[in-house]
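[1] Here's my sequence, what's the structure:
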Amino acid sequence: MSGERYWIWVVVRLAVGVVIVGWAASYLLTGSGEKEFQKTLEAMKQVHSFRASETATVGTRHKEMLWEVDCPRDVYHYQWHETDSATGMDMSRDEVHYATDAYARGNDGSWSKPRYAHEHPPAWFCGALAQGNDNTLMPRISTMIQRGILQKGDKKTVNSVRCQEWQVTMKGAPSGLEHDTVCLGLEDHLPYELTVDWLQMRSSFSDYNAPITFDVPDAVTQQTSAVTGSN
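    Numbers count the residues shown, from 1 in each chain. Below you'll find the predicted structure:
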């Protein structure tokens, strides 16, 4: 009987040990995630130019977007294309924003003032990046640090860059909106991919602090040439 009690005691101690080890691993992993995301937030503050592309599908509607942002020149390029296979809808926009001015490209390639332009000027995005605040282009790293349960995933390659994937569960988010996946560069800690399951959305990020070249209206070229010497 005493031998049976001994083995019961051993099993109980082992079970308690497993629970403690699991709790400690979970704690350390969460702390590690927060540290990695904090490195990302600091790295994003040093970003001066980048490209961000996004695709999303909801039902029969499919959307593609592209932003090319150049903070030193206070300019960004924005493209948007949306279709609906059920209704035959097909709409697109092609805009350049310089300071507080906006220009839209027509089907003939000419530029004119748009009737409705994208809501934020370049300084809004660039200021948010420099201050470590969330913006509508990049992953919401600040919010993820504050409200996210961060779980380490696999390593992968995005845009020729090796990155660490993290599963993020947002505490307090409505059902279906709480799960994101973000891939952070192994060397520079910058985000290279964001996915949101409920939207079937994928965003990718590239060309950090690289020269951004795109077509701009003559008015923008003339105003920025004094700083960069080219468009």
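[2] how about the helices in this structure?
    2-44, 122-131, 141-147, 218-228 (DSSP state H).
[3] elements contacting the shortest one?
    The helices and strands touching helix 141-147, judged by 3 or more Cβ pairs under 8 Å, 6 or more residues apart in numbering; DSSP states H and E, are helix 2-44, strand 161-170, strand 179-185. C-betas here are computed from N, CA, C, even on glycine.
[4] what's near enough to touch the spatially most central residue of the chain?
    The C-alpha lying nearest the average C-alpha coordinate of the chain belongs to P139 (Cα atoms, centre = their mean; 2.9 Å). P139 sits next to 180, 182, 191, 194, 203 when contact means Cβ atoms under 8 Å, 6 or more residues apart in numbering.
[5] can you give me phi and psi for the spatially closest residue to the third one that is not a sequence neighbour?
    Here the nearest residue to P191 in space, its sequence neighbours aside, is P139; by Cβ to Cβ, 6 or more residues apart in numbering that works out to 4.7 Å. Dihedral angles phi and psi of P139 (degrees, to the nearest 10) take the values phi -60, psi 150.
[6] Now tell me which helix or strand of this protein has the poorest mean pLDDT.
    Least confident helix or strand, the chain: helix 2-44 with a mean of 61, by mean pLDDT, DSSP states H and E.
[7] I'd assumed L41 was in contact with A130.
    No - counting by Cβ atoms under 8 Å, A130 stays clear of L41, with 11.7 Å between them.
[8] re earlier: with respect to H81, which of the contacts of P139 is nearest?
    S203 (15.2 Å; Cβ to Cβ).
[9] and that closest one, what does it touch?
    By Cβ under 8 Å, 6+ apart, the residues touching S203 are 52-54, 139, 193-195.
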